[in-house]
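K.L.:
got a structure for you, letters missing:
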């Protein structure tokens, strides 16, 4: 498989971890990188919130936006994803991120990429004209990309959906507008906003986006195995894939895809090994966020790691009741021993 190149970024396998609100924190991003993801994307950051935080009279050392947008040196290449519908705010937020110059900044380095969210389907985002709602206003979408590209020197990428609904599938036309505005790469999720996350992905529209532009295109949606990834690329001609739910509890999907692309054999780690990786992720979450928040947020991740195993439902119930790292570790290690 050829490398995916855009700007100064080279992706050996064209594999990315998608931005996942409440999921793709630093601990999870690092696990996915270790398993073979070429790059990762932050949880989405509100451009307007980041800009408004600069005006507060009592600056916060650890602002919400600053934490979400933080990038550590060992995470590169990494994208920070911005959402918003006002070109000026989007451009100013992108400028601050590249300069690493904003209140609450805890980054060691600037992001490698600014990614623009034009795909989020949730009501509180799309209802404000942001995220996937921008697919209904291609002119504004182009203005946003043009403004951000003008504000930074790093590559600007965009994540879109097939369209707003079945009667307005316009991703190929929008993609061409975004390319003309200066986007370096596009990721296309093969569902409309109306579909949300319903089963079934329109690979034909992904293929049409690839045909419409000359910049790299990543396909996204319903990729749970290496076979899914390879068939996505074969059927659509896309340059790589971005994986979301398929990586939750299974970061080894990246290792599996890399092996398939390289013609190598692949074997999943043992259950005990899987749970040790999961616990390493939990320890980093606790270090990053504190014990209370880290444990609370880790529980859903650990439930995903248990998915499909005998006794998973009972284990999930116990995980949700746990109040310490030691309790979480005991439950997982018990699961690991049971399935060896």
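P.N.:
It's in. Here the structure is a predicted model, which means the values were calculated and not measured.
K.L.:
give me the phi and psi for the residue nearest to residue 176 when sequence neighbours are not counted.
P.N.:
Excluding its sequence neighbours, the residue lying closest to residue 176 (CB to CB, 6 or more residues apart in numbering) is residue 212, at 4.9 Å. C-beta: built from backbone N, CA, C; applies to glycine. Backbone dihedrals for residue 212, given as degrees, to the nearest 10, come out at phi -80, psi -20.
K.L.:
what's the pLDDT at residue 212?
P.N.:
In the predicted model, residue 212 carries a pLDDT score of 98.
K.L.:
gap between it and residue 14?
P.N.:
Relative to residue 14, residue 212 is positioned 18 Å away (CB to CB, to the nearest Å).
K.L.:
could you do residue 172 as well?
P.N.:
Relative to residue 14, residue 172 is positioned 20 Å away (CB to CB).
K.L.:
coming back round to it: so the residue nearest to residue 176 sits against residue 173, correct?
P.N.:
Yes - between residue 212 and residue 173 there is a contact under CB atoms under 8 Å: 7.4 Å.
K.L.:
how about the helices in the stretch 151-300 of the chain?
P.N.:
Taking DSSP state H, counting those that start in this stretch, the helices of the stretch 151-300 of the chain run over residues 171-181, 203-212, 226-236, 253-262, 271-289, 291-306.
K.L.:
list the buried ones in the third one?
P.N.:
So the one you mean is helix 226-236. Applying a neighbour-count criterion of 16 or more other CB atoms under 10 Å, one finds 226, 228, 229, 230, 232, 233, 236 buried in helix 226-236.
K.L.:
show me which pair in these is furthest apart.
P.N.:
Farthest apart among these by CB to CB are 226 and 236. That separation is 16.0 Å.
K.L.:
which one of residue 172 and residue 14 is surrounded by more residues?
P.N.:
For residue 172 versus residue 14, the count of surrounding residues by other CB atoms under 10 Å is larger for residue 14: 26 against 19.
K.L.:
check contacts around the more buried one.
P.N.:
1, 3, 4, 38, 216, 218, 239, 240, 241 (CB atoms under 8 Å, 6 or more residues apart in numbering).
K.L.:
and residue 11, by the same measure?
P.N.:
Contacts for residue 11 were tallied using CB under 8 Å, 6+ apart; they are 3, 4, 5, 38, 39, 77, 240.
K.L.:
ok, residue 85 next?
P.N.:
Counting by CB under 8 Å, 6+ apart, residue 85 touches 128, 129, 130, 133, 134, 140, 144.
K.L.:
rewinding a little: so which of the contacts of residue 14 sits lowest on pLDDT?
P.N.:
pLDDT across these is lowest for residue 1, at 63.
K.L.:
and the contacts of residue 14 as CSV, adding distance to residue 319 and neighbour count?
P.N.:
Below are the contacts of residue 14 laid out as CSV (distance: CB to CB, whole Å; neighbours: other CB atoms under 10 Å):
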residue, distance to residue 319, neighbour count
1, 38, 17
3, 40, 14
4, 37, 22
38, 31, 21
216, 39, 21
218, 33, 28
239, 38, 22
240, 34, 28
241, 30, 27
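K.L.:
so which of the residues you listed are in strands?
P.N.:
Within the contacts of residue 14, membership in strands is found for 4, 218, 240, 241, as judged by DSSP state E.
K.L.:
do you know how far the closest residue to the second one other than its chain neighbours is from residue 113?
P.N.:
Just to be clear, that refers to residue 218. In space, not counting the residues next to it along the chain, residue 218 is nearest to residue 187; the distance is 4.2 Å by CB to CB, 6+ apart. The span separating residue 187 from residue 113 equals 11 Å under the rule CB to CB.
K.L.:
cool, and residue 271?
P.N.:
With CB to CB as the criterion, residue 271 and residue 113 are 35 Å apart.
K.L.:
model confidence score at residue 267, please.
P.N.:
Listed pLDDT for residue 267 reads 93.
K.L.:
ok, it to residue 252 distance?
P.N.:
Going from residue 267 to residue 252 by CB to CB gives 10 Å.
K.L.:
of these two, who's got more company?
P.N.:
More neighbours surround residue 252 than the other of residue 267 and residue 252, with 22 against 9 (other CB under 10 Å).
K.L.:
what's the residue lying closest to the more buried one once chain neighbours are set aside in contact with, if anything?
P.N.:
Distances taken as CB to CB, 6+ apart put residue 35 closest to residue 252, at 5.4 Å, once the chain neighbours are dropped. In this structure, residue 35 makes contact with 251, 252, 253, 254, 255, judged by CB under 8 Å, 6+ apart.
K.L.:
ok, back up a step: any idea which of the contacts of residue 11 is closest to residue 207?
P.N.:
residue 240 (14.3 Å).
K.L.:
quick check: bridge partners of residue 115?
P.N.:
Following DSSP bridges, residue 115 is listed with bridge partners residue 81, residue 157.
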